[in-house]
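Asks: Build me a model from this:
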Amino acid sequence: MKAVSISIIGGGIGGLATAAALLKKGFKVQVYERAQALRPAGAGLILSPNGLNSLAAIDPKIVEALKQAGSEVHRLTMKRSSGEVLLSMPMTTVAQQFGQSMLHIKWSRLQSALASVLPPEIIHLNHRCVAIQQHKGGVTARFENGNVAEADLLIGADGINSVVRQALVGDGAPVYAGRMSWRALIKFPHEELVPHCSTGLTGPDGKNMMLFDMGEGCTCWSAGALMAEPSISEPSAVKELVLKTFAGWADPVVPIVEATPAADIVERPICDRPPLKRWSKGRVTLLGDAAHPIVPSLGQGANITFEDAHEIAEFLASSPDIETALDSYEASRIPRADAIYARSASQGVSSYKPDSDTRLADTLARLSQDEFQIWLYGYRPDAIHRSNT
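Replies: As a prediction, this is how the structure comes out:
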């Protein structure tokens with residue numbers, strides 16, 4: 001099926017990774033992104049072995065660039081909000097166990113690494129998809145700017161508020177998970193912020209904060225708190241809200257928030273969507289957060305999206321037709337995505353309970369022996385390749 005033309009709706013990290021995987025297999029690919037520029041969005045994220053192994057299978061140059069731009073995690077520390085250390089464990093054996101280390105990376109660096117392996121002419125900015133229509137032999141995408149794109153297959157990689165998903169299943173708005181989040185990226189020297197380390201702090205009152213070393217003296221902080229209803233603050237009030245929410249917490253929580261410019265703090269409600277039984281209809285399918293948005297308790301949103309990207313390219317390259325490829329893609333991906341959704345939802349709830357400190361410390365202590373974690377991080381994209389050759 002090398003002559004198949006493919007439209008990807010969404011030029012985020014999922015769309016870019018999918019384009020790279022499909023181009024490597026010889027497909028004709030065009031990416032349509034609603035933004036007017038590929039601007040950095042978000043602060044930082046963590047890439048785990050399953051995500052990095054998937055990217056390496058797509059193009060080893062991507063992972064080489066990420067390792068140069070990011071910060072490998074050598075130690076993980078868990079504390080109470082008072083500063084009492086519950087757990088501190090080395091993470092240097094992860095690479096030996098799973099083939100890749102844990103890696104903190106700025107979102108902008110990840111986006112740049114993915115875009116760097118793509119021909120710039122295939123990325124079409126200022127293309128907000130407003131409608132898709134299937135017809136005999138193809139799919140038409142219509143954009144707000146009046147342009148139209150024809151292709152044999154359309155992939156919706158347009159995030160949790162996916163227009164493509166609504167066209168396929170019409171399941172409305174995402175589901176609020178009862179928690180608000182705030183995050184930012186800042187250069188902030190502090191004796192508690194050690195290079196190549198992740199530090200988590202948790203309180204008994206439904207709050208927690210993670211501090212990630214991003215390299216080059218930068219730290220990404222990510223905070224969350226229980227709230228019955230989503231409450232989006234005015235930009236000028238967000239910083240004040242975070243400081244009030246985490247007042248009295250041990251250093252460096254309050255100082256790093258105080259040092260963060262208010263305009264740099266991203267506030268979002270934590271949401272997901274119930275799993276779908278099918279991601280595809282005819283010549284249209286979903287990928288990444290458009291298919292399986294999950295709460296961020298496992299840090300797996302980006303990582304399993306890269307698994308999707310690798311697998312859909314493999315199935316399209318090895319199948320006799322689009323329908324067979326999409327059936328195989330769903331059969332492989334949906335059970336895994338559903339299991340990760342369930343664990344993410346469960347761990348997300350437990351992370352905000354009064355005994356979250358002991359729960360999280362116990363979970364992290366068993367990280368390398370836990371069957372689920374071994375299954376999660378031990379994902380091997382070469383197994384998918386062997387099963388389709």
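Asks: any weak-confidence spans in the chain?
Replies: Of all residues in the chain, those with pLDDT under 70 make up the ranges 1-2, 40-42, 355-369, 384-389.
Asks: mind checking the longest helix of it?
Replies: helix 322-350 (DSSP state H).
Asks: in the stretch 51-200 of the chain, which spans are strands?
Replies: 71-72, 75-80, 85-90, 103-106, 123-124, 129-135, 138-143, 148-151, 153-156, 175-187, 197-203 (DSSP state E, counting those that start in this stretch).
Asks: Can I get these in TSV including distance to T245?
Replies: Using the backbone N, CA and C atoms, a C-beta is placed for each residue, glycine as well. As requested, the strands of the stretch 51-200 of the chain are exported to TSV (distance: least, CB to CB, whole Å):
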stretch	distance to T245
strand 71-72	27
strand 75-80	16
strand 85-90	21
strand 103-106	24
strand 123-124	39
strand 129-135	37
strand 138-143	40
strand 148-151	44
strand 153-156	35
strand 175-187	8
strand 197-203	10
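Asks: closest one to R336 among those strands?
Replies: Closest approach to R336 among these (CB to CB): strand 153-156, 18.2 Å.
Asks: and the closest one, how far from the chain's centre?
Replies: In terms of CA atoms, centre = their mean, to the nearest Å, the centre of strand 153-156 is found 19 Å from the chain centre.
Asks: Roughly how far does F27 sit from S108?
Replies: Distance of F27 to S108, given as CB to CB, to the nearest Å: 27 Å.
Asks: Show me which of the two is the more surrounded one.
Replies: Set F27 next to S108 and count neighbours by other CB atoms under 10 Å: F27 wins out with 20 against 17.
Asks: Against W279, how distant is that one?
Replies: Noted for F27: a distance of 19 Å to W279, by CB to CB.
Asks: repeat for E64
Replies: 31 Å.
Asks: Likewise for L168?
Replies: Taking CB to CB, one finds L168 at 8 Å from W279.
Asks: before we move on, back to that, who does the longest helix of the chain touch, helix- and strand-wise?
Replies: strand 175-187, strand 266-272, strand 280-281, strand 284-286, helix 301-318, helix 356-365, helix 371-377 (3 or more CB pairs under 8 Å, 6 or more residues apart in numbering; DSSP states H and E).
Asks: show me what contacts the closest residue in space to A57 that isn't next to it in sequence?
Replies: Leaving out its chain neighbours, the residue that sits closest to A57 by CB to CB, 6 or more residues apart in numbering is P381, at 4.0 Å. By CB atoms under 8 Å, 6 or more residues apart in numbering, the contact set of P381 is N53, S54, A56, A57, E307, H310, E311, E314.
Asks: now do 10 Å
Replies: Contact analysis of P381 by CB atoms under 10 Å, 6 or more residues apart in numbering lists 50, 53-58, 306-307, 309-311, 314.
Asks: what's the answer for L38, then?
Replies: G11, G12, L16, S108, Q111, S112, L114, A115, P120, I123, L125.
Asks: Please convert the buried members of those into ChimeraX selection syntax.
Replies: Burial among the contacts of L38 is assessed by 16 or more other CB atoms under 10 Å; the matching ChimeraX selection reads:
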select :11,12,16,108,111,112,114,115,123
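Asks: Please identify which of the contacts of L38 is nearest to G178.
Replies: Nearest member of the contacts of L38 to G178, counting by CB to CB, is G12, at 25.4 Å.
Asks: if I look at the closest one, how far off is V349?
Replies: On the measure of CB to CB, G12 and V349 end up 27 Å apart.
Asks: One more: D308?
Replies: 25 Å.
Asks: Compare those two (neighbour count), which wins?
Replies: When neighbours are counted by other CB under 10 Å, D308 and V349 differ, and D308 comes out ahead with 29 against 16.
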